[in-house]
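>>> Build the 3D model from these lines:
(one chain, ligands or ions: 1)
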Amino acid sequence: MAGHHDGHHHDHQHDHQHGHSFDSPEAAAFLELEGEVLAGFVTQATAVLTGLAEHRGLEVRRVLDLGCGPGVGTTALAEAFPTATVVAVDSSPSMLERAGARAERLRVAERIETRAAEFPDGLDDLGTADVVWASMVMHHVGDEVAALRQVRALLAPGGLLALVERGGPSRYVPDDVDLGRPGLWERLDRAWGDWFGDMRSDLPGVTPSGDYVAMLGEAGFTPVADEELTVVLDPPLDDRARRFAHGRLERMPTQLAPHADPDDLAVLDVLIDEHGDQGILRRDDALLRASRLLYVASA
Ligand SMILES: C[S@@+](CC[C@H](N)C(=O)[O-])C[C@H]1O[C@@H](n2cnc3c(N)ncnc32)[C@H](O)[C@@H]1O
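Residues are numbered from 1 along each chain as shown. Next up, the predicted model:
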């Protein structure tokens with residue numbers, strides 16, 4: 001863990017996330033850019049969730065957004081549930097600050113509260129909610145089933161949990177583009193899997209992560225919906241999408257170095273070169289393909 005310490009030793013698991021700490025204004029700005037470029041995920045997921053809530057006659061007055069990050073989900077939830085207060089919860093002050101500013105800017109601040117808490121311990125005193133939203137955060141908790149049980153205890157009778165986790169790997173160029181040795185992206189996917197395994201094995205109280213449907217069942221939830229969400233942005237990408245793609249690719253060499261083939265890492269260097277014609281900021285065929293898994297479950 002060399003190089004990335006910012007003095008928050010009690011937060012040591014955060015330093016493994018994507019190879020850097022989440023708690024910085026830069027990390028918060030980047031995650032907001034990601035959330036906005038991939039806004040389709042939040043739009044699709046909140047549409048599924050509001051449809052289910054309506055169908056089940058669930059009156060939504062209080063929503064918890066666990067691991068809210070810069071608040072892209074939080075503000076979308078406030079818009080999707082106009083009678084609800086949304087509590088944005090995160091361990092990172094930089095993320096909470098960004099989420100608060102976003103709420104002001106989008107004029108939903110009067111229905112948004114921000115709250116600092118570190119999971120899993122901090123899950124227990126958040127108060128009850130009709131909807132809990134946990135996007136891309138559960139995998140940062142060592143014992144996910146135990147944390148899901150704690151989340152279940154927060155839900156009012158009939159309340160819904162929406163869990164969003166990573167789906168298939170993201171892509172930034174077409175599959176058939178001539179870059180590096182054939183099978184480049186599949187090898188990098190495997191290297192990412194190794195990195196992810198290492199990241200998880202360092203979490204306190206870690207247990208092997210199972211399939212989320214199975215873990216939700218083990219935690220006492222009843223599965224309601226289970227969908228793959230996809231966002232595809234075709235070429236030509238706009239500047240913000242290119243900056244996001246560049247930011248993701250830029251992290252990969254450090255993150256994957258212990259696990260990946262040096263030739264494959266050299267291809268990443270070409271893609272992240274800001275001045276080269278082959279770089280992601282300039283090439284004509286740059287695209288974005290990403291996927292998430294949405295699980296909705298009732299308490
Ligand atoms: C990948 S971001 C997801 C942000 C947002 N929910 C989204 O889907 O885009 C994960 C967020 O969870 C927060 N986080 C990670 N581990 C946490 C923990 N143990 N307790 C509280 N927050 C945590 C991080 O600070 C970060 O803001």
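>>> Give me the phi and psi for M95.
When read as degrees, to the nearest 10, the backbone of M95 gives phi -70, psi -40.
>>> pretty sure it is in contact with F22, am I right?
Yes - contact status for M95 versus F22: in contact at 6.5 Å, counting by Cβ atoms under 8 Å. All C-beta spots, glycine's among them, are computed from the backbone N, C-alpha and C.
>>> how about M215, what does it touch?
E144, V145, L148, S209 (Cβ atoms under 8 Å, 6 or more residues apart in numbering).
>>> need the residues of the stretch 151-299 of the chain near the ligand, please.
Within reach of the ligand by Cβ under 6 Å from any ligand atom, the stretch 151-299 of the chain has no residues at all.
>>> Also the stretch 1-150 of the chain?
When proximity is defined as Cβ under 6 Å from any ligand atom, the stretch 1-150 of the chain approaches the ligand at 22, 31, 35, 67-69, 72-73, 90-92, 95, 118-119, 135-137, 140-141.
>>> try 5 Å
Contact residues (Cβ under 5 Å from any ligand atom) of the stretch 1-150 of the chain with the ligand: 22, 35, 67, 69, 90-92, 95, 118-119, 135-137, 140.
>>> Among these, name the ones in helices.
Applying DSSP state H to those, the entries found in helices are G35, M95.
>>> Any chance of JSON lines for the residues of the stretch 1-150 of the chain next to the ligand, columns neighbour count and pLDDT?
Converted to JSON lines, these look like this (neighbours: other Cβ atoms under 10 Å; pLDDT from 0 to 100):
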{"residue": "F22", "neighbour count": "21", "pLDDT": "86"}
{"residue": "G35", "neighbour count": "23", "pLDDT": "98"}
{"residue": "G67", "neighbour count": "24", "pLDDT": "98"}
{"residue": "G69", "neighbour count": "26", "pLDDT": "98"}
{"residue": "D90", "neighbour count": "30", "pLDDT": "98"}
{"residue": "S91", "neighbour count": "21", "pLDDT": "97"}
{"residue": "S92", "neighbour count": "25", "pLDDT": "98"}
{"residue": "M95", "neighbour count": "27", "pLDDT": "98"}
{"residue": "E118", "neighbour count": "15", "pLDDT": "96"}
{"residue": "F119", "neighbour count": "22", "pLDDT": "96"}
{"residue": "S135", "neighbour count": "23", "pLDDT": "98"}
{"residue": "M136", "neighbour count": "19", "pLDDT": "97"}
{"residue": "V137", "neighbour count": "22", "pLDDT": "97"}
{"residue": "H140", "neighbour count": "19", "pLDDT": "95"}
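>>> Which secondary structure state does R181 sit in?
Secondary structure, DSSP: H, G, I helix; E, B strand; the rest coil: R181 is coil.
>>> quick one on the thing from earlier: which of the contacts of M215 sits closest to the ligand?
Lowest distance from the ligand to these (Cβ to the nearest ligand atom) belongs to E144, with 11.3 Å.
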